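1. what follows is a predicted protein model with its sequence.
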Amino acid sequence: MANVKAGSVDALGVLYDRYCDRAYRIARSVCRDDGHAQEAVRETFIAIWTTRGTYQQQRGKVAAWVLTIARHRAIDIARRNQPHAVHRASDQQLATLPAPGGLSLSPSKPGARSARPACPGLRTALLPLFGVRTPMRAAAGP
């Protein structure tokens, strides 16, 4: 944690690797939605990075600090999205809707693509936020 406090992005990556699964499980149990849980984990590690100077070792372990932030972020996201949950259609209802323009997006048909976009790994998505150049950003230039 000392290296994270000193501003090491590599140390943040190690912290992420160590706690992301547990943070995701906590967020998923609170949000009950994969997308919202991923958002909570993303916000957790952004918060850790931006508030890294506030961690005090004498007040508790790193794991407790990280997972408490994850739980609070998940609760915030769940509360923020709760009023809209009543108006959301189920996956089954969405599967029966025709796609715009007559396109077939049903994954059950051969050669059809899924309507759900692929979600990149959270770590890969977080790296540019901390100034790390990913291969895609490096190719695009400064």
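-> Done, it's in.

2. list the contacts for Ala74?
-> 26-27, 30-31, 36-37, 40 (C-beta atoms under 8 Å, 6 or more residues apart in numbering). Where C-beta positions appear, they are placed from N, C-alpha and C, glycine not excepted.

3. same thing with Arg52?
-> 4-5, 7.

4. for stretch 22-39, measure first residue to last.
-> Stretch 22-39 has an end-to-end distance of 14 Å (C-alpha to C-alpha, to the nearest Å).

5. averaged pLDDT, the helix or strand hosting Thr68. What do you get?
-> Element membership of Thr68 [criterion: DSSP states H and E] is helix 62-85. Over the span of helix 62-85, the pLDDT mean works out to 89.

6. rewinding a little: can you redo the contacts of Ala74 as CSV with neighbour count, secondary structure and pLDDT?
-> Compiled in CSV, those are given as follows (neighbours: other C-beta atoms under 10 Å; DSSP: H, G, I helix; E, B strand; the rest coil; pLDDT from 0 to 100):
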residue, neighbour count, secondary structure, pLDDT
Ile26, 22, helix, 95
Ala27, 29, helix, 94
Val30, 21, helix, 93
Cys31, 23, helix, 91
His36, 19, helix, 93
Ala37, 24, helix, 93
Ala40, 27, helix, 94
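
7. just the buried ones among the contacts of Arg52, please.
-> Among those, those buried by neighbour count (16 or more other C-beta atoms under 10 Å) are Val4.
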